[in-house]
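# compute the structure for the input listed below.
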Amino acid sequence: FAMPTDHGRELEALVAAAREEAGGEEAGWKLADVERGKPGDKENRKTSLSFCTLLLFFSSSVTLAFLLGWKLRAYVSSYHRADVGIRAWYLADRLLDETSLSPTELQAENYERRLSRLRRLSSRLQWDNCVGPMRRDQRSIAHRGAPLMFPEHTREGYISAVRMGAGMLECDAVFTRDGVVVCRHSACDLHYTTNILHVPELADKCEKRFRPGEGARCCTTDLLASEFKKLCGTMEMSTNESAQTVEEYLSVPSWRTTLYQDGGCAAVMTQKDFIQLSMEMQVKMIPELKEHDYSKIGLRSQEEVADHFIQDYIDAEITPSMLFPQTFNKQHAARWLSNYPIAKNTVLLYSPGGQNGKDSWENTYRGWFEELEGRGQPIRFAGLPLNEVLSANDAVGGSFSQTEPVKYLKQHGINIIVWTLERSGALPSGWYFGVPPGNSSVGSHGSLQGAMKKDADIYLLLDVLFKDVGVFGVFSDWPGTVTHYLNCALP
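Residues are numbered from 1 along each chain as shown. Just a heads-up that it's a prediction; the model follows:
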C-alpha cells in the first residue's frame, strides 16, 4: 500500500501549512500524529500489514472455532439433555416434610437413619444444589412412555419420556389380526386405553361390543393394522361393568390427568414406529413380548411368536447393545438366546404367581435361570417388581432387607431391573409397595407396606435401590424423577 510520490509531497505541504497556522508543535499538533500518514519505509509497512493480517486471521479462526464448537455441542446435547420437569423439584422440596409421620414414628428406633438419608438426599436434590445441565440416563427406564400424564404407548408419551431423560423406552408387544406387532400392554385392552368405543365402525369389530350392564372387550387381534392406526390413545381408564352407557362405563382414576388430552389424537404405535422413533431419539429399547392366544391369526407356537416379534429389530438392523427384549416366558428367552445374537441382553421377568397365577420363585423361576445357564444360554438381566426386591424392616423406612431372589441374582452376576415407580397414585398406596396380608397378589418375598410415608420417599427408595442393592435400572411412569436422582444424588 505504498503512497504515490505526488501524494506524499502534497501531504508534506499540508502538514507544514497546518503547523504554521496553528502556531507550531506546541499548539496541539504533534508531528508524529500526522506523519503516520506520510509514506515511510516500504518494508516496514509490509511487515506491519503482514502481522495485522495474521493476527486478524488467528482471532477470526478462534472465534469461528468457538462458534462451531458451541453449535456442535448444542446440536449433540439436544439429543441427550434432560428436562426433569416441575414434579421432580416438587418432590425434592418435600423430602424433609415429615408431617405425615405420627409422634410415635418420629421417636422410633430407626427414624434417625431415615432422617439422615433424607437430609443427605435433600442437600443434593434441591434446586440450588443440583446444577444442570442434566443428561438422559439408560438407568431411567420409561414404563410404557410417560403414562402418569400422557396416554401410554403413544408417540406423545414416548417423546415426553425421552425429554425427561429416559434412556430406555418400553413397547409392550402384541399382534393385530394381520400379524403386525403393535405397542399395547395387553392384547385386549383397547376398550379402556383407546377411543375405540367412540368410533362406531371400529367398535363394531370388537370381540365383545359394549352392552349396558355387560361392558366390552376389544382386542388388537380384532383389527387390521391399518384399522388399529386409526385409534387414538387415551389415559388408562377404570371400567364399571354395571354401567348403562359408554360414558358411565369408563372413568380416569383421580390420580391421573387428562390435561394432555386436549382434543388432539395421541398417536398409537406399531412396533416399527416405536423402533424408528427410538432410533431418531437415540435411546435404547426394552420391549416386552406379551403372551396371548394368537392361534386365530396363524401363529401356532411360542417359538413362532418369538421369531415374529424379534424380526422387526433384525430388519431395522438394531445393534445388540441397543436392545433388551423382555419376556415372562422361558420358551421365548431360550429361543432368542439360542438363535438371535441381537437378543443377547434378553430380560427374563419374574413376578409372584407368574402369568398363570401359580408360578413362584422357588418352584419355577429359579429353576428357569439355572436351566438356561446349564444350556449355555445364561440370562444376564432379570426384571422384578419392587415388592420382590426389598422388604422394609420397620414402619418408618429406616432400614431395608434384600429378598432371597435378589440375593440369588446378585450372587450369579445377573443384573436387576425394577418395576414400577409412580404407577399407583400417591404413596403409600399400590400393589408395587406391598398390600395388606391376606391379599393373594402380595409379593411373596418383600413388602414396603407402611414404610413409605409420602411421594417424596420415592427418592429414598431410589437411593436404596441404586446404592444398596445396585440395580441396573428402574422403570417409572414418570421417568423425570429417576433422571433427577441419577443426575444429582449419585456420586
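
# nearest residue to the middle of this structure?
When CA atoms, centre = their mean is applied to the chain, the residue found nearest the centroid is Ala166 (1.7 Å).

# need the contact list for the nearest residue to Leu96 once chain neighbours are set aside.
Distance criterion CB to CB, 6 or more residues apart in numbering; nearest residue to Leu96, sequence neighbours excluded, is Ser122 at 5.3 Å. The C-beta positions use only the backbone N, C-alpha and C, and glycine is treated the same way. For Ser122, the contact set (CB atoms under 8 Å, 6 or more residues apart in numbering) comprises Ala92, Leu95, Leu96.

# turn those into CSV, including neighbour count, distance to Asn110 and pLDDT.
Shown next, in CSV, are the contacts of Ser122 (neighbours: other CB atoms under 10 Å; distance: CB to CB, whole Å; pLDDT from 0 to 100):
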residue, neighbour count, distance to Asn110, pLDDT
Ala92, 25, 23, 97
Leu95, 23, 17, 97
Leu96, 14, 17, 97
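
# in the helix or strand hosting Asp312, what counts as buried?
Element membership for Asp312 (DSSP states H and E) is helix 302-315. With burial defined by 16 or more other CB atoms under 10 Å, the residues of helix 302-315 counted as buried are Gln302, Val305, Ala306, Asp307, His308, Phe309, Ile310, Asp312, Tyr313.

# which intervals of the stretch 351-491 of the chain have sub-threshold pLDDT?
Residues of the stretch 351-491 of the chain meeting the criterion pLDDT under 70: 355, 428-429, 435-443.

# show me where it has strands.
Assigned by DSSP state E, counting those that start in this stretch, the strands in the stretch 351-491 of the chain fall at 381-385, 390-392, 400-402, 415-421, 473-476.

# touching whatever helix or strand comes next after the helix holding Asp312 from outside, list them.
Once the chain leaves helix 302-315, the next helix or strand it forms, by DSSP H and E, is strand 326-327. Outside strand 326-327, the residues that touch it by CB under 8 Å, 6+ apart are 170, 286-289, 306, 333, 336, 346-349, 383.

# in CSV: the residues you listed, plus distance to Ile417 and secondary structure.
Shown next, in CSV, are the contacts of strand 326-327 (distance: CB to CB, whole Å; DSSP: H, G, I helix; E, B strand; the rest coil):
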residue, distance to Ile417, secondary structure
Glu170, 10, coil
Ile286, 8, coil
Pro287, 13, coil
Glu288, 11, strand
Leu289, 16, strand
Ala306, 20, helix
Ala333, 14, helix
Trp336, 16, helix
Thr346, 12, coil
Val347, 6, strand
Leu348, 10, strand
Leu349, 9, strand
Gly383, 5, strand
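
# ok, of those residues, which one's closest to Ser399?
Distance to Ser399, by CB to CB, is smallest for Gly383 among the contacts of strand 326-327, at 25.0 Å.

# now tell me which helix or strand of the chain has the poorest mean pLDDT.
helix 31-35 (a mean of 42; mean pLDDT, DSSP states H and E).

# do you know how far Gly368 is from Ala334?
One correction, residue 368 is Trp, not Gly. 9 Å (CB to CB, to the nearest Å).

# now do the strands in the stretch 101-250 of the chain.
Assigned by DSSP E, counting those that start in this stretch, the stretch 101-250 of the chain shows strands spanning 134-135, 137-142, 166-169, 172-175, 181-183, 208-211, 215-217, 232-233, 238-239, 250-251.
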